[in-house]
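K.L.:
attaching a predicted model along with its sequence, questions to come.
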Amino acid sequence: MMESGFFLVFVLLLAGIAGLAYFSYQLKQEKSELQARIDTTEIREAFAKAIFKSSPSEEVLAKILAKFFPKMFPDHEIQFWMFLERNIWGTRSGGEIPFALISAWMLGREGIEVFHDGDEIPWENDAVFANASFLVALQPEGNETPIAGIYLESSNSTLQQYPAQQLIDTERSLRYCVDYISNFLAILQKAHQDLELQSVQQEIAIASQIQSDLLPIEYPVMPGWQLSFSLRSAGDLSGDFFDLIPISKTQIGILVADVAGKGLGAALYMALCRTLIRTFAKDYASRPDLVITECNERLLEDARDALFVTAFYGVLDFEKNELIYTNAGHNPPFIMGEDDEAQAKALPLTGLPIGIDKEEQWTSERIMIEKGELFLIYSDGIPDAQNAANESLAMHACWNRCAGTGNQVRLNFRMSYCWRSIIFLGMPNNLTI
């Protein structure tokens with residue numbers, strides 16, 4: 001009996017020791033898991049803080065990924081790229097990843113795609129995943145398609161099933177990272193757009209200055225005549241332009257033109273057209289029609305843009321008070337008498353706009369401008385001006401009021417009065433007068 005009692009005590013003692021050992025092991029496991037979770041949380045928080053505090057750039061993002069991703073995903077090979085195939089950072093040591101194929105497959109997808117070992121590779125024929133893998137499409141807010149991707153592959157070389165808990169933990173960590181990286185990419189994208197916009201604005205400012213430099217800055221000496229001109233652009237660049245071209249001691253070429261369209265393209269087309277007219281103006285001093293014809297042929301030969309130009313070009317002999325002009329589809333200029341009862345007289349068109357038909361032939365007209373008369377040339381921004389009720393400017397009424405100020409009022413006052421009549425309506429277009 002005593003022997004059996006001792007044996008029972010011994011068994012119970014062994015069981016107690018085993019129980020204590022198992023309990024101690026469980027405590028260590030739980031402590032280890034708790035410490036791992038604490039470490040993971042700390043790494044995540046440090047990762048988030050690094051993302052928030054860093055200035056947005058691809059180089060900075062690559063450094064952050066290199067510092068934190070190997071700790072967050074220690075048993076994985078990782079690759080991060082910008083669509084479609086610009087590699088940013090990675091640890092994968094195997095063969096090259098077909099970024100373009102993966103990017104094409106991921107378009108239209110959001111979030112995380114999970115593949116187990118043995119699953120078919122959707123962007124390759126007759127191929128399977130050797131290890132459990134994750135694909136993440138990063139689509140910052142405001143983007144219609146993903147702009148970056150993360151490829152995560154288990155470093156386990158066997159075909160064993162990816163542990164379920166590890167799968168859950170990895171996906172959870174990925175989702176945590178995706179939110180912060182997407183925000184970072186959104187900021188980075190906005191920074192790139194701001195830089196591009198700033199660059200474009202600088203280029204436009206330079207182009208605008210060049211365009212301004214092409215306009216006349218001095219009034220030519222014209223005994224017996226008063227001259228005033230102004231151009232107001234609706235934006236940074238203008239399709240309107242005018243020029244005063246010296247022809248001889250008593251002749252000056254007067255050009256007012258308008259390129260169909262706005263922006264940089266219209267401004268460049270304007271510069272080309274101005275150069276061509278200046279080139280041919282002295283070759284055909286008394287033939288404005290031939291100047292326009294030559295300009296038209298050269299534009300249609302050299303320029304590929306489907307733009308056209310309305311232009312009024314005339315040669316004024318200020319000793320004879322004679323004007324020879326060609327009007328290529330431009331708004332008809334007006335001649336106004338000094339008499340309050342005089343009505344504005346419009347000069348008719350003599351052909352189509354420049355840049356439409358290579359076979360177009362223009363004609364010239366000859367008129368006399370009497371003492372005290374006002375000769376007014378303008379662009380289409382003036383008749384296009386409207387008030388809040390969408391009422392257009394009454395052209396003849398405006399010109400007649402300007403003409404009816406009497407010959408004792410100086411021309412620049414007339415111009416100022418005319419501008420006030422126009423500008424109160426609004427300025428939706430370029431204005432030249």
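P.N.:
On my side now, so go ahead.
K.L.:
all helices for the stretch 201-350 of the chain, in order.
P.N.:
Along the stretch 201-350 of the chain, the segments classed as helices by DSSP state H, counting those that start in this stretch run 263-281, 288-302.
K.L.:
buried residues, the first one. List them.
P.N.:
The neighbour-count check on helix 263-281 (16 or more other C-beta atoms under 10 Å) flags 266-274, 276-278, 280-281 as buried. For every residue, glycine as well, the C-beta is placed using N, CA and C.
K.L.:
got the domain boundaries for this protein?
P.N.:
Domains of the chain are assigned by automatic domain parsing as 39-191, 215-432.
K.L.:
with respect to Gln201, which of those lies nearest?
P.N.:
Nearest to Gln201 among those is domain 215-432; the distance by C-beta to C-beta comes to 8.1 Å.
K.L.:
can you give me the first-to-last residue distance of that closest one?
P.N.:
12 Å (C-alpha to C-alpha, to the nearest Å).
K.L.:
where does pLDDT dip in the stretch 301-433 of the chain?
P.N.:
Within the stretch 301-433 of the chain, the ranges that satisfy pLDDT under 70 run 304-305, 338-343, 381-431, 433.
K.L.:
with distance to Lys67 as extra columns, can I get the helices of the stretch 201-350 of the chain in CSV?
P.N.:
Conversion of the helices of the stretch 201-350 of the chain to CSV gives the following (distance: least, C-beta to C-beta, whole Å):
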stretch, distance to Lys67
helix 263-281, 44
helix 288-302, 56
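K.L.:
mean pLDDT lowest for which of those helices?
P.N.:
Across the helices of the stretch 201-350 of the chain, helix 263-281 has the smallest mean pLDDT, namely a mean of 85.
K.L.:
return the distance of that one from the chain's centre.
P.N.:
Put simply, helix 263-281 sits 24 Å off its chain's centre (C-alpha atoms, centre = their mean, to the nearest Å).
K.L.:
just want the angle from that helix to helix 288-302.
P.N.:
Angle between the axes of helix 263-281 and helix 288-302 is 130 degrees (criterion: axes from the mean of the first three to the mean of the last three C-alpha atoms, to 10 degrees).
K.L.:
so which elements touch helix 263-281?
P.N.:
Applying 3 or more C-beta pairs under 8 Å, 6 or more residues apart in numbering; DSSP states H and E, we find helix 263-281 packed against helix 164-214, strand 240-246, strand 251-259, helix 288-302, strand 309-317.
K.L.:
can you tell me what sits against that helix?
P.N.:
Contacts to helix 263-281, defined as C-beta atoms under 8 Å, 6 or more residues apart in numbering, come from residues 203-204, 207-208, 210-211, 214, 235, 237-241, 243, 245, 247, 253, 255, 257, 259-261, 290-292, 294-295, 298-299, 302-303, 305, 307, 309, 311, 313, 354.
K.L.:
my guess is Phe80 contacts Ile88, does it?
P.N.:
Yes: judged on C-beta atoms under 8 Å, Phe80 makes contact with Ile88 at a distance of 4.9 Å.
K.L.:
name the residues contacting each of the two.
P.N.:
With C-beta under 8 Å, 6+ apart, Phe80 and Ile88 have common neighbours 61-62, 65, 148.
K.L.:
which one of these has the most neighbours?
P.N.:
In terms of neighbours by other C-beta atoms under 10 Å, the shared contacts of Phe80 and Ile88 top out with Ala148 at 25 neighbours.
K.L.:
residues contacting it?
P.N.:
Per C-beta under 8 Å, 6+ apart, neighbours of Ala148: 80-83, 88, 138, 181, 185.
K.L.:
spatially nearest residue to it, not counting backbone neighbours?
P.N.:
Excluding the flanking residues, the one nearest Ala148 by C-beta to C-beta, 6 or more residues apart in numbering is Leu138, at 4.1 Å.
K.L.:
for Val315, see how far away Val128 is.
P.N.:
Per C-beta to C-beta, to the nearest Å, Val128 is found 82 Å from Val315.
K.L.:
how much space between Asp258 and Met336?
P.N.:
In terms of C-beta to C-beta, Asp258 sits 22 Å off from Met336.
K.L.:
the more surrounded of those two?
P.N.:
The residue with more neighbours, out of Asp258 and Met336, is Asp258; 28 against 21, by other C-beta under 10 Å.
K.L.:
hmm, Asp380 and the more buried one touching each other?
P.N.:
Yes: with contact defined as C-beta under 8 Å, Asp258 reaches Asp380; the gap is 5.9 Å.
K.L.:
tell me which of the domains of the chain sits most buried.
P.N.:
Across those, the average number of neighbours (mean count of other C-beta atoms under 10 Å) peaks for domain 215-432, which reaches a mean of 17.
K.L.:
before we move on, the earlier item: which one of the contacts of Ala148 is nearest Ile51?
P.N.:
Ile181 (7.1 Å).
K.L.:
residues touching the residue nearest to Leu299 when sequence neighbours are not counted, list them.
P.N.:
Using C-beta to C-beta, 6+ apart and skipping residues adjacent in sequence, the residue nearest Leu299 is Gly355, 5.0 Å away. The neighbours of Gly355, taking C-beta under 8 Å, 6+ apart as the test, are 296, 299-300, 303, 307-309.
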